[in-house]
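Enquirer: Can you look at this prediction? I've put the sequence above it.
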Amino acid sequence: AWQRTLVIIKPEAVKAGLIGEILSRFERKGLQISRIRDGRIDRALARQHYIHHADKPFFEGLLDAITAGPVVFAIVEGPSAIAHVRNLVGATDPVKASPGSIRGDFAVELPFNMVHASDSPETAEAEIRRFFGEGA
Ligand code: CMP
(Lines give C-alpha, C1' and ligand atoms only; values in the text may rest on other atoms or scores of the structure.)
Protein backbone atom coordinates (compact mmCIF):
# COMPACT_ATOMS: atom_id res chain seq x y z
CA ALA A 1 0.00 0.00 0.00
CA TRP A 2 1.05 3.61 -0.61
CA GLN A 3 2.37 5.08 2.63
CA ARG A 4 4.01 8.23 3.88
CA THR A 5 6.54 8.50 6.65
CA LEU A 6 8.29 11.28 8.52
CA VAL A 7 12.07 11.50 8.38
CA ILE A 8 14.13 13.80 10.57
CA ILE A 9 17.73 14.40 9.52
CA LYS A 10 19.20 14.91 12.99
CA PRO A 11 21.59 17.71 14.05
CA GLU A 12 24.67 15.48 13.87
CA ALA A 13 23.88 14.61 10.23
CA VAL A 14 23.26 18.23 9.23
CA LYS A 15 26.55 19.18 10.92
CA ALA A 16 28.37 16.40 9.04
CA GLY A 17 27.05 17.65 5.69
CA LEU A 18 24.96 14.58 4.99
CA ILE A 19 21.58 16.13 4.04
CA GLY A 20 21.98 15.46 0.33
CA GLU A 21 23.52 12.01 0.82
CA ILE A 22 20.64 10.89 3.04
CA LEU A 23 17.84 12.34 0.88
CA SER A 24 19.41 10.91 -2.28
CA ARG A 25 19.29 7.39 -0.84
CA PHE A 26 15.49 7.67 -0.48
CA GLU A 27 15.17 9.15 -3.98
CA ARG A 28 17.39 6.51 -5.60
CA LYS A 29 15.27 3.80 -3.98
CA GLY A 30 12.31 5.24 -5.87
CA LEU A 31 10.55 6.98 -3.01
CA GLN A 32 9.30 10.56 -3.29
CA ILE A 33 10.17 13.45 -1.04
CA SER A 34 6.81 15.21 -1.05
CA ARG A 35 7.53 17.88 1.59
CA ILE A 36 10.75 19.21 3.08
CA ARG A 37 11.69 21.99 5.48
CA ASP A 38 14.48 22.99 7.80
CA GLY A 39 13.89 23.82 11.43
CA ARG A 40 14.91 23.23 15.00
CA ILE A 41 13.37 21.06 17.70
CA ASP A 42 13.12 22.79 21.06
CA ARG A 43 13.17 20.89 24.33
CA ALA A 44 9.38 20.92 24.79
CA LEU A 45 8.78 19.54 21.28
CA ALA A 46 11.55 16.97 21.78
CA ARG A 47 9.90 15.75 25.01
CA GLN A 48 6.58 15.40 23.17
CA HIS A 49 8.15 13.56 20.21
CA TYR A 50 10.10 11.14 22.42
CA ILE A 51 7.61 10.87 25.33
CA HIS A 52 7.51 7.05 24.97
CA HIS A 53 11.20 7.08 26.02
CA ALA A 54 10.66 9.35 29.05
CA ASP A 55 11.42 6.58 31.53
CA LYS A 56 14.66 5.51 29.82
CA PRO A 57 18.07 6.35 31.27
CA PHE A 58 19.14 7.90 27.95
CA PHE A 59 16.17 10.29 27.72
CA GLU A 60 17.93 13.53 28.72
CA GLY A 61 20.90 12.72 26.47
CA LEU A 62 18.50 12.05 23.62
CA LEU A 63 16.87 15.46 24.19
CA ASP A 64 20.31 17.10 24.24
CA ALA A 65 21.19 15.47 20.91
CA ILE A 66 17.99 16.26 18.99
CA THR A 67 17.95 19.90 20.21
CA ALA A 68 21.66 20.52 19.52
CA GLY A 69 21.23 22.29 16.18
CA PRO A 70 19.24 22.61 12.97
CA VAL A 71 17.44 19.60 11.51
CA VAL A 72 15.66 18.80 8.25
CA PHE A 73 12.13 17.38 8.24
CA ALA A 74 10.94 15.41 5.22
CA ILE A 75 7.80 13.53 4.25
CA VAL A 76 8.87 10.49 2.23
CA GLU A 77 6.23 8.52 0.39
CA GLY A 78 5.69 5.55 -1.90
CA PRO A 79 4.71 1.86 -1.83
CA SER A 80 5.54 0.40 1.62
CA ALA A 81 7.47 3.59 2.35
CA ILE A 82 7.65 2.97 6.11
CA ALA A 83 9.43 -0.37 5.79
CA HIS A 84 11.64 0.79 2.91
CA VAL A 85 12.79 3.87 4.80
CA ARG A 86 13.51 1.86 7.94
CA ASN A 87 15.53 -0.63 5.89
CA LEU A 88 17.52 2.17 4.27
CA VAL A 89 18.08 3.81 7.68
CA GLY A 90 19.20 0.61 9.46
CA ALA A 91 19.08 -0.60 13.05
CA THR A 92 18.70 1.96 15.86
CA ASP A 93 22.13 1.17 17.32
CA PRO A 94 24.91 2.10 14.87
CA VAL A 95 26.92 -0.86 16.18
CA LYS A 96 24.17 -3.20 14.94
CA ALA A 97 23.27 -1.34 11.74
CA SER A 98 24.48 -3.11 8.60
CA PRO A 99 27.05 -1.48 6.33
CA GLY A 100 25.10 -0.08 3.40
CA SER A 101 22.46 1.42 5.62
CA ILE A 102 22.58 5.11 6.54
CA ARG A 103 23.35 4.38 10.19
CA GLY A 104 25.69 1.53 9.26
CA ASP A 105 27.66 3.82 6.95
CA PHE A 106 27.72 7.12 8.86
CA ALA A 107 26.95 6.64 12.58
CA VAL A 108 29.11 5.18 15.34
CA GLU A 109 27.40 5.67 18.71
CA LEU A 110 23.96 6.23 20.24
CA PRO A 111 22.13 8.53 20.57
CA PHE A 112 23.78 9.96 17.40
CA ASN A 113 22.21 7.75 14.74
CA MET A 114 21.75 10.50 12.10
CA VAL A 115 18.10 9.91 11.19
CA HIS A 116 14.71 9.40 12.81
CA ALA A 117 12.01 7.57 10.82
CA SER A 118 8.42 6.77 11.84
CA ASP A 119 7.81 3.16 12.89
CA SER A 120 4.15 2.64 11.86
CA PRO A 121 1.43 4.28 9.72
CA GLU A 122 -0.26 5.68 12.84
CA THR A 123 2.99 7.11 14.21
CA ALA A 124 3.83 8.52 10.78
CA GLU A 125 0.57 10.47 10.53
CA ALA A 126 0.96 11.83 14.08
CA GLU A 127 4.58 12.83 13.44
CA ILE A 128 3.73 14.45 10.09
CA ARG A 129 1.07 16.56 11.85
CA ARG A 130 3.49 17.37 14.67
CA PHE A 131 6.16 18.74 12.35
CA PHE A 132 4.24 19.92 9.26
CA GLY A 133 1.01 21.07 10.89
CA GLU A 134 -2.55 19.78 11.16
CA GLY A 135 -3.31 20.11 7.44
CA ALA A 136 -0.36 18.05 6.26
P1 CMP B 1 15.24 7.39 17.03
O2 CMP B 1 14.95 6.47 15.91
O3 CMP B 1 15.12 8.85 16.80
O4 CMP B 1 14.29 6.99 18.26
C5 CMP B 1 14.68 7.13 19.60
C6 CMP B 1 16.09 7.58 19.76
O7 CMP B 1 16.65 7.38 21.06
C8 CMP B 1 16.99 6.76 18.85
O9 CMP B 1 16.76 7.10 17.52
C10 CMP B 1 18.35 7.11 19.43
O11 CMP B 1 18.78 8.39 19.01
C12 CMP B 1 18.04 7.17 20.91
N13 CMP B 1 18.35 5.91 21.61
C14 CMP B 1 17.69 4.73 21.50
N15 CMP B 1 18.23 3.81 22.30
C16 CMP B 1 19.27 4.42 22.93
C17 CMP B 1 20.24 3.98 23.90
N18 CMP B 1 20.24 2.73 24.35
N19 CMP B 1 21.15 4.89 24.31
C20 CMP B 1 21.14 6.15 23.86
N21 CMP B 1 20.26 6.61 22.95
C22 CMP B 1 19.34 5.76 22.49
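Expert: On my side now, so go ahead.

Enquirer: For this protein, what lies in contact range of the ligand?
Expert: Residues of the chain lying close to the ligand (Cβ under 6 Å from any ligand atom) are 53, 58, 62, 92, 110-111, 113, 116. Just so you know, the C-beta spots here come from the backbone N, C-alpha and C atoms, and that holds for glycine as well.

Enquirer: Tabulate those residues (CSV), appending pLDDT.
Expert: Formatted as CSV, the residues of the chain next to the ligand follow (pLDDT from 0 to 100):
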residue, pLDDT
53, 98
58, 98
62, 98
92, 98
110, 98
111, 98
113, 98
116, 98
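
Enquirer: sec struct for the residue nearest to the spatial centre of the chain, please.
Expert: The centroid of the chain falls nearest to residue 116 when counting by Cα atoms, centre = their mean (2.0 Å). Assigned with DSSP: H, G, I helix; E, B strand; the rest coil, residue 116 falls in the strand class.

Enquirer: Quick check, it in contact with residue 7.
Expert: Yes. Counting by Cβ atoms under 8 Å, residue 7 is a contact partner of residue 116 at 7.0 Å.

Enquirer: which stretches of the chain form strands?
Expert: 2-9, 32-39, 71-79, 115-117 (DSSP state E).

Enquirer: Tell me which of those strands lies nearest to residue 104.
Expert: strand 115-117 (11.5 Å; Cβ to Cβ).

Enquirer: Check which helices and strands the closest one sits against.
Expert: strand 2-9, helix 81-89 (3 or more Cβ pairs under 8 Å, 6 or more residues apart in numbering; DSSP states H and E).

Enquirer: try it again with 10 Å
Expert: strand 2-9, helix 19-29, strand 71-79, helix 81-89, helix 102-106, helix 121-132 (3 or more Cβ pairs under 10 Å, 6 or more residues apart in numbering; DSSP states H and E).

Enquirer: related to what we said a few turns ago, quick check on the residues of the chain next to the ligand: which are buried?
Expert: The neighbour-count criterion (16 or more other Cβ atoms under 10 Å) marks 62, 111, 113, 116 among these as buried.

Enquirer: how about a markdown table for the residues you listed, with distance to residue 77 added?
Expert: Formatted as a markdown table, these follow (distance: Cβ to Cβ, whole Å):
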| residue | distance to residue 77 |
| --- | --- |
| 62 | 27 |
| 111 | 27 |
| 113 | 22 |
| 116 | 16 |
